[in-house]
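missing the sequence, but the structure's below:
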């Protein structure tokens, strides 16, 4: 009751905290909703398959996606037969999925924005929840079913390219699903691999019984998935397609939570400082320390709950906008849709309320410690500048910084970057906590001994060190974040640009026309007929050694002889292979074979990700469906070749600028991350600065008015406020910038081995874009000065000391 | 002034007993002895004032007497309760129950109305006090019609009177005041003193006031003079003339000796 009445009276003073919390809860709700919406769910194309069987996991690809073992044809046949024979199972479908390109003449019809386009046999259609929107089910081998988003109509004739074949097919139907379906015989021609078996139950069958049956049949041949576990089957090449967006959102949430606690904490610390007398009065007339503390906590919770409600509402509305923007920037998959779920909203609201409690916690401790004696003094002003709490934090953070610094020097490279960032963070906390101890001393050094303004400034710094420290905090934070984030971006970007420029193995690159990857075998053969030298092509596949996935590359130029594989020296050493050994392998299609091992380095363009090289023919024999990922040709006219390859959906481009374009893409993403996070941090810091300064100036309205009464010009008083703010903010910016540098140097040090291992350690320079940093600083100073001046001028427009 | 003529009044146990109370403050390198073995009984149902030059220890005496501050040595008893060994929470609860406060200024919580301020101590104590009681207390100080005003809508004198109403509403054993008229003009100060006087005369309560103003002390029943942390002299209406002139003369003498 009392808390609410008091809050109602001073709502303006908690406005800063309220706005911060609304923003925070809004961002957390939106981010959380987008993240939850992008979590893997059961794919629509498996919706009707009550139970799904997949092979065991065999490893992880170089891009981080999961790779599973391969079943042999006979295993698949046996499993499907036994499953189909059970009366409770309506059908068991072995899904054969393979890469395709859908061509209408020289025009690519499909959309590969979210990864490679694939097709399956028509039998897989009944596993999914799609339905036919036009036309009739597929009955003939020369028919195809496509998504209605392709804009085709039943009866249209189109060309389907696989890695090795080209089919002319007629559209039998369009569906509302995103799958392409061909006759099962064609599918079996296109690929020997069965990635999963989907089981649909007989109507009326008990799902649990079906699950048991499947488990009994499969045994340890595979993994049986039902219900939500089926989400383990991910879209093709799409396992990590939302990862960029999710990473950014997690960073946004972390910064949001950190800054919210900070701003709310400052707001309430000020509340306590400004209201000491009132709190002392409450203590004197019978409020226990616990009651005073409880009062502040209740105020904070009231603010927190109000902000959480408003923020959650705004966040739900904003999640669609945020998600849409992430899709646009390519950080989320194109098929991303908002799914509203209560969990992230509730979590964000709880975090918001929790934040306000955490923010007020320390301040409420100060409030509880207010002595009732202070109510008896006509004008209490504590001259003690460093509370015991501050000393504890200073000492703690200082020791942490020292410990982390020692760790940075001794830790291995990867860890040392994190530790160095920790050093910078701990130093910033130390500088913030100890500010009341050193700020007055710095101000004492101010030149102009005779100026009354400077004299006043020094005196104010002595008695109001706590206020100055609070003013400095946001500037310190801004400087640290700006220098760290912009410095990281520039340092990483500079290093990437300098050290990533490798050589591409040819003058002209073959690529999917209109962006993306995937080149058909036919394209490479045609190019080879024109080319002056053998075409360098890369077929990214793999083999299983003792059940373990090994990345392999199929080569056309510089290919190993038939029935041999080339193993990199490091990999051979790892497996104990000797030159000339005969080894047993399981191929991608599940068949096994024996090959002779040659030990030699792999070509430069493959050695970073592959351990084994095969001839293109051998690789293709056991992997019929994967497109060639890259191909390079010498001695051709790119324009002429492009024309020749138009019907394959492939274009030929000069390699000049390709690497640069790739780096530029990567840097653009890095810069986007930097500015989103920096913008967020700056926005918060601006709210915090404005909040702190207006509270601080309002709190000393009486003093400023007194100065006017005893003969100071209005502009002298405003100048005092301006000079004080400018000096304090200046100190904060310099200290924050200085303390961020150790982290940057450690980052640069740690990055030295992140590039081409053949080059060994490279020199990485710390780059800080001082011009940009300077602009950020100027913006911060401008916000601070406005925030300090406006309340000062307003305070002076009231008459006399009250 | 004729109080001592009522010689047949029963004189019960004192409300506050200070026994050999000493208090030192360390300020930088030097130590200030604020109280130096002070013993004092504050009698029930009387108006006792403490006077003395600045730095004589009079405020420290008041703070120690009502548990706002802790003495280094000696014992303090308030309404029969020994304060030695009480924790911060127990001290607070004791003050809440047995002591009412009126300060020089800023007596009221700015965000609460007069009646809310009056009710504040009982609210803090978790006692259901009827608004009637608070309104009656405001009535007694002549502010019934200002009950729903906030402090910034009240004059300084009215604020002090609300503080008196607040001090009375819990029926404490003693109402203590530190320069209650210090921030007021003569007229308003007199009004406030009238109300404090009536707390003793009409309600039979105890009032304990610290002041440096002889005209305030003259309204009391007993004046205790302090100098250098000790009780230097005393005037009691039962024995002595208690007028502003006498008091001022004695104070001047003490200041000259200091």
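Perfect, thanks for sending it. Computed from a prediction, not measured in an experiment: that's the story for all the values here.

ok, now how distant is the most centrally placed residue in chain A from residue A:326?
The residue lying closest to the centre of chain A (Cα atoms, centre = their mean) is residue A:247, at 1.6 Å. When distance is defined by Cβ to Cβ, to the nearest Å, residue A:247 is 11 Å away from residue A:326. The C-beta positions use only the backbone N, C-alpha and C, and glycine is treated the same way.

Residue A:27 now?
Taking Cβ to Cβ, one finds residue A:27 at 13 Å from residue A:326.

Neighbour count: these two, which is higher?
Taking other Cβ atoms under 10 Å in any protein chain shown, residue A:27 and residue A:326 do not tie; residue A:27 has more neighbours (25 against 22).

isn't that one right up against residue A:253?
Yes - applying Cβ atoms under 8 Å, one finds residue A:27 in contact with residue A:253, separated by 7.2 Å.

chain center to the helix or strand hosting residue A:403: distance?
According to DSSP states H and E, residue A:403 maps onto helix A:388-410. Distance, stretch centre to chain centre, for helix A:388-410: 29 Å (Cα atoms, centre = their mean, to the nearest Å).

hmm, who's touching that helix?
For helix A:388-410, contacts defined as Cβ atoms under 8 Å, 6 or more residues apart in numbering or on different chains pick out A:362, A:365-366, A:386, A:415-416, A:419-420, A:422-423, A:426-427, A:429-430, A:433-434, A:436-437, A:742, A:746.

again, but for stretch A:301-310
By Cβ under 8 Å, 6+ apart, stretch A:301-310 touches A:3-4, A:7, A:14, A:17-18, A:21-22, A:24-26, A:348-350, A:352-357.

same check, this time on stretch A:717-732
Identification of contacts with stretch A:717-732 by Cβ under 8 Å, 6+ apart yields A:439, A:442-443, A:446, A:453, A:456-457, A:460-461, A:468, A:471-476, A:478-479, A:689, A:693, A:697, A:704, A:707-708, A:712, A:780-781, A:784-785, A:788-789, A:792-793, A:796.

List the buried residues of the helix or strand containing residue A:738.
Using DSSP H and E, the element containing residue A:738 is helix A:714-750. Neighbour-count burial for helix A:714-750 flags A:717-718, A:720-725, A:727-729, A:731-733, A:735-737, A:739-750 (criterion: 16 or more other Cβ atoms under 10 Å in any protein chain shown).

Quick test: name the residue nearest the centre of chain B.
Residue closest to the average C-alpha location in chain B (Cα atoms, centre = their mean): residue B:176, at 1.9 Å.

In contact with it, which residues are there?
Shown in contact with residue B:176 (Cβ under 8 Å, 6+ apart): B:62, B:65, B:66, B:99, B:100, B:101, B:102, B:207, B:208, B:209, B:210.

Dump those to TSV, plus pLDDT, secondary structure and neighbour count.
Converted to TSV, the contacts of residue B:176 look like this (pLDDT from 0 to 100; DSSP: H, G, I helix; E, B strand; the rest coil; neighbours: other Cβ atoms under 10 Å in any protein chain shown):
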residue	pLDDT	secondary structure	neighbour count
B:62	89	helix	21
B:65	90	helix	28
B:66	87	coil	26
B:99	89	strand	28
B:100	88	strand	29
B:101	85	strand	28
B:102	85	strand	28
B:207	93	strand	29
B:208	93	strand	25
B:209	92	strand	26
B:210	91	strand	28
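
circling back: show me the common contact partners of residue A:27 and residue A:253, please.
In contact with both residue A:27 and residue A:253: no residue, using Cβ under 8 Å, 6+ apart.

filter the contacts of residue B:176 down to the ones close to chain A.
Of the residues in these, proximity to chain A by Cβ under 8 Å from any Cβ of the partner chain holds for residue B:101.

Any regions of the stretch 501-650 of chain A where pLDDT drops low?
By pLDDT under 70, the low-scoring segments of the stretch 501-650 of chain A are A:501-502.

Could you give the number of residues near the residue in it positioned nearest to chain B?
Closest to chain B within the stretch 501-650 of chain A is residue A:515: 63.3 Å, counting by Cβ to the nearest Cβ. Neighbours of residue A:515 under the rule other Cβ under 10 Å: 9.

helix, strand or coil for it?
What DSSP: H, G, I helix; E, B strand; the rest coil gives for residue A:515 is coil.

For chain A, give me its nearest residue in the stretch 101-250 of chain B.
Of all residues in the stretch 101-250 of chain B, the one sitting closest to chain A is residue B:111 (3.1 Å; Cβ to the nearest Cβ).

neighbours around that residue, how many?
Neighbourhood size, residue B:111 [other Cβ under 10 Å]: 19.

now do residue A:98
As a burial measure, residue A:98 scores 27 neighbours (other Cβ under 10 Å).

chain center to the helix or strand hosting it, what's the gap?
Under the criterion of DSSP H and E, residue A:98 resides in strand A:97-99. Distance of strand A:97-99 from the chain centroid (Cα atoms, centre = their mean) equals 29 Å.

if you average pLDDT over that strand, what comes out?
Regarding strand A:97-99, the rounded mean pLDDT is 92.

for it, packing partners?
Using 3 or more Cβ pairs under 8 Å, 6 or more residues apart in numbering or on different chains; DSSP states H and E, the elements in contact with strand A:97-99 are strand A:118-121.

which residues are contacting the strand it packs on?
Taking Cβ under 8 Å, 6+ apart as the rule, strand A:118-121 contacts A:95-100, A:160, A:179-184, A:186-188, A:190, A:236.

Show me the strands in the stretch 601-750 of chain A, by range?
Remark: strands assigned in the stretch 601-750 of chain A by DSSP state E, counting those that start in this stretch are A:612-615, A:630-633, A:650-654.

Quick check: buried residues in the second one?
Counting neighbours by 16+ other Cβ under 10 Å, one finds that the buried residues in strand A:630-633 are A:630, A:631, A:632, A:633.

same deal with the first one?
Of the residues in strand A:612-615, A:612, A:613, A:614, A:615 count as buried by neighbour count, 16+ other Cβ under 10 Å.

Can you give the strand pairings for it, parallel or anti for each?
Partners of strand A:612-615 in the sheet, by DSSP bridges, are strand A:548-555 (parallel), strand A:564-567 (antiparallel).

what's in contact with the first one?
By that I understand strand A:548-555. Here strand A:548-555 has contacts from A:58-62, A:67, A:536-544, A:565, A:571, A:602-603, A:606, A:609-616, A:618-620, A:623, using Cβ under 8 Å, 6+ apart.

and the closest residue to chain B within the stretch 101-250 of chain A, how far is that from residue A:481?
Per Cβ to the nearest Cβ, residue A:249 is where the stretch 101-250 of chain A lies closest to chain B, at 40.4 Å. Note on residue A:249: its distance to residue A:481, by Cβ to Cβ, is 18 Å.
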